[in-house]
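Chemist: make a model of this:
(chains A and B)
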Amino acid sequence: MNKISKLHQLVSLILFTITLFAPKICFGEDRVDFNKDVRPILSDRCFLCHGPDEETRAADVRFDIEADAQDSIESGEFLDRIFSDDPDLVMPKPESHLELSDQEKETLQKWVDQGAQYEEHWSFVPLPASVEVPDVDNEDWTRQDLDHFVLRRLQKENLAPSQEAPPLRWLRRVTFDLTGLPPSSQEIKTFEQQLAVPGVDIEAIYESSVERLLASQSYGQHMAVAWLDAARYADSYGYQSDKLNTQWPYRDWVIQSFNQNQPYDEFLTWQLAGDLLETPTSDQILATAFNRIHRLNNEGGAVFEEWRIENVADRVHTYGSAVLGLTFECCRCHDHKYDPISARDYYSMSAFFNSIDENGLYDRTEKVPSPTVLLPSEEQKKELEENRIAIEKARGQLDTALQSVSEKFNAGKYANQLNSDDVRTKLADEIYRVDLDVPYDDSFKDTFKPSTNDRNSTTWPDLVDAEDVPFPRPVITGGRNPPRKALPLDGERGFTTKKITPLDRWTPFSTVITFRETERVPQRSVIAHHTRGTDAGYNGWDLTIEDGHLESRMYRVWPGNGMGVRTIDPIPVDQWHLLVATYDGYDQVSGLKLFLDGKELATQVIRDARVKSANVLVDLGGEFAIGQRFRDRGLAGGLVADVRVYQRALTMPEIQHLTTGEPIKADAMFVASVIDIEAIEASKRLHDAVKAFVDTQEKMNEVPIMLETETPRPAHVLARGEYDAETSDETLVTRSTPENIGPPLPDSQSADRLALARWTTDPNHPLTARVITNRLWMNFFGSGLVRTPENFGLQGDLPTHPQLLDFLSRKFINDGWNVKNFCKRIALSATYRQQSSTSPEKLATDPENRLLGRGPAFRLSAEQIRDLVLSASGLLNLTAGGPPVSPYQPGGDLWKESNSMSPAYEQSVGKALFRRSIFSVWKRTAPLPNMMAFDTSSREVCTIARSRTNTPLQALVLLNDVQFIESARKLAEQIHTIKDQDARLDEAFLRLTGTHLEPEEADILSKLYTAELKYFTANEEDAKAFLAIGSSSPADANVPLPELAALTTVCQAILNLDSTVTKR
Amino acid sequence: MNDPSNQLLSTNRRHFLRNSSAGVGAMALASLLGTTSNAGAQSAKSIQASLPHFAPKAKRVIYLFQSGGPAQQDLFDYKPLLNKMHGENLPAKIRGEQRLTGMSAHQSSLPLAGSKYKFNQYGESGAWLSELLPHHQKIVDDVCFIRSMHTEAINHDPAITMFQTGSQIAGRPSFGSWLSYGLGSENSELPAFIVLATSGKSGQPLYSRLWGSGFLDSRYQGVRFRSGKDAVFYLSNPDGVCQSRRRAQLDSIADLNRLQLKRELDPEIESRIAQYEMAFSMQTSVPEVTDLSDEPDSTFELYGEDARIPGTFAANCLMARRMAQRDVRFVQLYHQGWDQHNDLPKGITKQAKETDQASAALVQDLKQRGMLDDTLVIWGGEFGRTSYCQGVMTADNYGRDHHPRCFTSWVAGGGVKPGITIGKTDEFGYNNVEDPVHVHDFNATMLHLMGIDHEQLTYKYQGRRFRLTDVHGEVVEKILI
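Modeler: Okay, the predicted model is just below:
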């Protein structure tokens, strides 16, 4: 019989035994318990049609509310229908596939017989003010209050707890559970020595071990992993081209928060509303990235509003699952089928999260989606402050120079200079001109070309007559004087100029366009622009018209990071205009001006935010263009007669000159701008100072955060969750928390995210503390006291130890939401210290260890396994924090392989290959395969509990992945320095499994070593090839290769053992 | 007999043999051990015990996914009116309220673009095909064309995610995962769900979520096979390690794990030992299925010479047939590059050349081997393309934007009526006018052919019973035999 089928036998036997003995745990006595026995049936089988969702409620009957259910229960119809044989009458309806079992029917019958009483769902009942610790028969066994609850429950089932695990088992367990790392062999030896001292206080040694682990930096690096799963933290945006993001400072903040033992209520408050705290610190603002690290799309053609709504939805869902343990997904489209959350509640919640100045998409890594925070290093902070002072100084100098010019002008001091014809009729600093009077031919190709985007070329329609333009035509060079013409625009075609340097916060410029908008359209149309990027987000400067309103905007990410002005009145339609847009380069929104036909237009500021340069080099765009933009709407129906560009903000006298053709009537501003050398230089110095400031900003880390817009964005109930659903006053919602869950929202403050945070962390909130203590419990025991940690709603599992959960939660809160104390209580408890080994009886009575009659045993996480092996081999690099690193990846470039738009995978070099796994790069659409094999999540959405599988791919990873082979070699090199062969093997075993070798085990490994040595001695080339794997330095040349290769194979074997990869 | 693990092994052999179906593979075995908190009532074991819901027509699926959205007007859906009206604007009443992508929404006009390609009817069924697909002519009487597919998504990422997981938003299990979860494996040496993608293609990306298991256990996710040395990552022994030494090492590992089992009596250890054995046999079975050297020349005549080049669509189609022969439940192929926004003629000609012959060959090959009856072959993309031109149209060049309202997919074998066309679009090829088939309807039908009631293959997660078809989907009875 082959091995697999032998295994089948064992497995099936166990399963068989389980089924034989399963009913032995009896949760119910004669009296049925509503919450435990009845509601799960009602919820699962009846609520779909007779629950909270009004839309789908059948026959106007509902069973989620006692008063509404009474009629059908008292009339007998409830039971009649349940027990009916008639397919037309029986409930649940056969087509629902929700058939009740006989046992379930009986339970319901009993419940009705006993009076059909309802109780509130356990997790919505406020957390009790105190929970009494139960008495138990065997006080000696208990070590912590929590043990009383566990023991009491076991005794109720006539079961006894397991024996205490040997000290080394406990040490390994607690070291993994608190730091994610194994105990080092030195730590193990110290621990053994401490315990070996006669008469020693063992409890004190255990306690000091726990404290040592809680104080280590590794603690936060381990605890952060589960939170980052819940917060769906990753290093790429997800979706489509899946570019890398800049969010790692948030990851480091989470680690630091755990290490500093930040109270959990504060940890949540910062993440939900750090920006709304009084004078928030940079960390408090950074923490709000929690709500920004969801996926973002940058696919061409995506509809902005659709994705903005998607982002808001992700925030609601993540908050719901990660913080409240409730699922909000369902009520996005309709009232919740099971839990008392209506669609209206859902959108009222969404209103907390929708008021930031975002557009819904991102474009490129460099253009961090707004709003953001800059995170300068200390040095950069200093530099920026110096830059700021320099700007102030330059501004002051410019003011003085202008003042002086004004005085001198009034005194007539410039009369001589202003007399020259050149000064009176020629505008200085013109850098560009297209007059569009003759059809395009190749002779123009060095200055401009017809195009639909600035990368391509196209042909033009015929130029049209423009003799009726009432403004002077640009001076014609070369003596030609053809009839005046204009280019008719069709919305697709325009032209790309060449050689105009990009416009930015420090570059003054003027664009002069003679144009006619023949037809008014409500959509925004592009007149001119110097932007890069795609329809997912342009950046640079543009001039557009929307329903007659002109806009001049300079931005890196619109709308949250840019400045712009918009004319208050629409301009007259279908007539020729001479439009001048200027910017003075002084980094203030007031520097953006619009002039029409010689008059300055009244504008309003539409945005005024400036972070970093507006000119980000991305792969598309980068030229000044007229009438078109890649995948944007050009000025369809427009006529353009000529275009001029100046490297300076033109002054009013010059603009009037352009409009009328009359000689320039100089004023002081004109003089300051073109005549007075001191003023011109002062202006230039201010431009340079702005540039220096922007350059410093450009080097800084920038992270998306929450930053409330001045007025909240309205939120509506969206039918079927569709972004374009019809909205009205009826659908408008205000911010509030679900009506039937938790305390009311405190009305003492404005309803914002801070109010939500206060509500969430109210010490009497029924969910927040229960949910997190349950998850912290999971860290130690593998499963929570509630086995559906992601769902505390009506469809979730009931707690196995309800009083214990309440006790732990209340104690946690009273303790100041203290996570480290919580961990310590568990680590020292008798419950946690039990042996995890099992027996057929134990497997039969409690296969899933729901009663906690034995210690935890489960496979380590992907991170723990990799870190364990790196640590045991001495390769682990404990450098903390910073940008993610890229460990070994199989194949070619997995990122590019299926996604040509993705950045390339650049494997780290040297020690950076061996950082802790939490610092490995997390690419959402192409996660590291050796980590995914061990059930890491892709972090595309919030994950509360990973699956924990056992697959052949895991075996292949541990046996053949370069990371693990190299580690085995390094471990072999280290133990080779030990002379005694048995001690060598014991050391390797100790490092990987945390325990000493048993003689029987040593025997197996020795035999393997001998056989391997024989092979590699005979095949030294193989030894050489085997030992060349990995990038770390080779061993000491004096070590014989066959010995080292044989030892490596043995280390690899140990590395693959259940004792290594499983926590027991 | 004091050793309880021996006792476990010996006492109940007969019981086990009676209850385990002969075909249960190690993947299913692993799932029997359900270690997650959700195990129990909804374990794969109990699901698999209730399946199939009725006699299946198809045992396995080969899904030839054409990523990017092939232009139906240039391949399958003949629209002479477009040629007649070439350059004229799409009438507003035809466009209706349909939203457009941001790429053509800003266009000042939506000029209709006729197809450059000649159409003709072929076979007894008289199905229309363009000249781009000459090899398809040979299979028109074996396949069923659905000309009336539709979806909601207008962008690639949500659209392909919708097709493969039944939801536009990430996090749901993929089609293949649902099948692995529901039906288990018929093969103990290869994964139940294998993914192949044409190598060296660019275009719209492929995401691991498309073959991911979502909230199902990760053991149900697709295993990506690659062309080249290691078809499966980490499959080969390291340099310097031969198979006999590896065997010795595995024996030592197994011996040590057995000692651990004696102490701990945890079934997980037993399972781990089994997984190592499975891994060892995969080292033989995977190269065996991916090595095409035992195929006769006639195979390459059928599939085309491209099939000799690892990583081509043709080689992957051939590989898919070899996997189907070994009863791999679900083989998912991807071919990227159908996203012809501009320069459509150049792009689509290349795409058609890469896929036409091998797609047809696969159907013919399966038929010759008598396997088409119980193998379902699916061909299609995530949406179609617009009848109007995107960007500037010239005399011999045009582009087409994404179009979710109607497009063509085809299916063959596995209980599907051969030689029929269902669904009809309007003269403009813009709206469905007959038998619209939504993605959910399509998936419901494919599950039906596998013997699964799409409403009953569910998994309870976060309190809700999820299924591939969400809360929608009607089986398209018309295409069933």
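
Chemist: let me know the secondary structure of the nearest residue to B:R308 once chain neighbours are set aside.
Modeler: Spatially, and ignoring its direct neighbours in sequence, B:R308 is nearest to B:F300 (5.9 Å; C-beta to C-beta, 6 or more residues apart in numbering or on different chains). (Glycine included, C-beta is placed from N, CA and C.) When the structure is reduced to helix, strand and coil (DSSP: H, G, I helix; E, B strand; the rest coil), B:F300 reads as helix.

Chemist: what about B:F300, neighbour count?
Modeler: 18 (other C-beta atoms under 10 Å in any protein chain shown).

Chemist: and if you look at the one 5 residues further on?
Modeler: A count of neighbours around B:E305, defined by other C-beta under 10 Å, yields 11.

Chemist: gap between it and B:T312?
Modeler: Separation of B:E305 from B:T312 (C-beta to C-beta, to the nearest Å): 10 Å.

Chemist: same deal with A:T1062?
Modeler: For A:T1062, the distance to B:T312 - C-beta to C-beta - is 43 Å.

Chemist: looking at the two, which has the bigger crowd around it?
Modeler: Neighbours around A:T1062 and B:T312, counted as other C-beta under 10 Å, are more numerous at B:T312. The numbers are 24 against 21.

Chemist: that one contacts B:E354, correct?
Modeler: Yes. Using C-beta atoms under 8 Å, B:T312 is in contact with B:E354, at 7.3 Å.

Chemist: quick check: neighbours shared by those two?
Modeler: Jointly contacting B:T312 and B:E354 under the rule C-beta atoms under 8 Å, 6 or more residues apart in numbering or on different chains are B:T198, B:D306.

Chemist: how about the residue of the stretch 351-481 of chain B at minimum distance from chain A, nearest residue that isn't a chain neighbour?
Modeler: For the stretch 351-481 of chain B and chain A, the shortest gap (C-beta to the nearest C-beta) falls at B:G463, measuring 2.7 Å. Nearest in space to B:G463, with sequence neighbours left out and distances taken as C-beta to C-beta, 6+ apart, is A:Q795 at 2.7 Å.

Chemist: the one you found belongs to a helix?
Modeler: No. Assessed with three-state DSSP, A:Q795 is coil; it does not lie in a helix.

Chemist: which residues touch it?
Modeler: With C-beta under 8 Å, 6+ apart, A:Q795 has these contacts: A:P40, A:S43, A:D44, A:Y338, A:D339, B:K460, B:Q462, B:G463, B:R464.

Chemist: give me the element A:P653 is part of.
Modeler: Using DSSP states H and E, A:P653 maps to helix A:652-660.

Chemist: what's that helix in contact with?
Modeler: Residues outside helix A:652-660 that contact it (C-beta under 8 Å, 6+ apart): A:425, A:427, A:471-472, A:512, A:578, A:580, A:595, A:597-598, A:600, A:650, A:662-667, A:669-670.

Chemist: among the residues you listed, name the ones in helices.
Modeler: The helices in this structure, assigned by DSSP state H, contain A:T425, A:M669, A:F670 from the contacts of helix A:652-660.

Chemist: what's the closest of these to A:A926?
Modeler: A:M669 (56.9 Å; C-beta to C-beta).

Chemist: so the closest one is in contact with A:L650, correct?
Modeler: No. Counting by C-beta under 8 Å, no contact exists between A:M669 and A:L650, whose distance comes to 10.0 Å.

Chemist: count the neighbours of the closest residue to A:N259 other than its chain neighbours for me.
Modeler: Nearest residue to A:N259, sequence neighbours excluded (C-beta to C-beta, 6+ apart): A:G220, at 3.5 Å. Around A:G220 sit 23 other residues, with neighbours defined as other C-beta under 10 Å.

Chemist: isn't there a strand covering A:G220?
Modeler: No. Remark: A:G220 does not belong to a strand; assigned using three-state DSSP, it is helix.

Chemist: residue contacts, it?
Modeler: With C-beta under 8 Å, 6+ apart as the criterion, the residues that contact A:G220 are A:V254, A:I255, A:Q256, A:S257, A:F258, A:N259, A:Q260.

Chemist: what helix or strand does the fourth one sit in?
Modeler: Assigning secondary structure by DSSP H and E places A:S257 in helix A:248-259.

Chemist: what's that helix packed up against?
Modeler: Where contact means 3 or more C-beta pairs under 8 Å, 6 or more residues apart in numbering or on different chains; DSSP states H and E, helix A:248-259 is packed against helix A:217-230, helix A:282-287, strand A:701-704.

Chemist: quick revisit: more neighbours: A:M669 and A:L650, which one.
Modeler: Comparing A:M669 with A:L650 by neighbour count (other C-beta under 10 Å), the higher total belongs to A:L650, at 29 against 18.

Chemist: that one and chain B, how far apart?
Modeler: A:L650 is 31 Å from chain B, where distance means C-beta to the nearest C-beta, to the nearest Å.

Chemist: and the pLDDT for that residue?
Modeler: Per-residue confidence (pLDDT) for A:L650: 97.

Chemist: OK, contacts around the nearest residue to it once chain neighbours are set aside?
Modeler: Using C-beta to C-beta, 6+ apart and skipping residues adjacent in sequence, the residue nearest A:L650 is A:S510, 4.3 Å away. Contacts of A:S510 were listed using C-beta under 8 Å, 6+ apart, and they are A:V580, A:A581, A:T582, A:Y583, A:V645, A:Y646, A:R648, A:A649, A:L650.

Chemist: report the secondary structure state of A:S510.
Modeler: strand.

Chemist: so the residue nearest to B:R308 touches B:I309, yeah?
Modeler: No. Contact between B:F300 and B:I309 fails when scored by C-beta under 8 Å: they sit 10.4 Å apart.

Chemist: what sits against the residue in the stretch 151-300 of chain B positioned nearest to chain A?
Modeler: With C-beta to the nearest C-beta, the shortest gap between the stretch 151-300 of chain B and chain A falls at B:G240, namely 3.0 Å. Applying C-beta under 8 Å, 6+ apart, one finds that B:G240 lies in contact with A:E1021, A:D1022, A:A1023, A:K1024, A:A1025, A:F1026, A:L1027, A:A1045.

Chemist: now do the SS call for the third one.
Modeler: Under the three-state scheme (three-state DSSP), the conformation of A:A1023 reads as helix.

Chemist: just the pLDDT for it.
Modeler: Note for A:A1023: predicted pLDDT of 96.

Chemist: surely it and A:L1044 touch.
Modeler: Yes. Checked against C-beta under 8 Å, the pair A:A1023 and A:L1044 is within contact range at 7.3 Å.

Chemist: quick one, which of the two is more surrounded?
Modeler: Using other C-beta under 10 Å as the criterion, A:A1023 and A:L1044 rank with A:A1023 on top: 25 against 22.

Chemist: which pLDDT value goes with the residue nearest to that one when sequence neighbours are not counted?
Modeler: Leaving aside its sequence neighbours, A:A1023 sits nearest to A:A1045 (C-beta to C-beta, 6+ apart; 3.7 Å). What the model reports for A:A1045 is a pLDDT of 97.

Chemist: now the strand or helix carrying A:A1045, how far from the centre of its chain.
Modeler: In the assignment (DSSP H and E), A:A1045 maps to helix A:1041-1055. On the basis of C-alpha atoms, centre = their mean, to the nearest Å, helix A:1041-1055 is displaced by 41 Å from the centre of the chain it belongs to.
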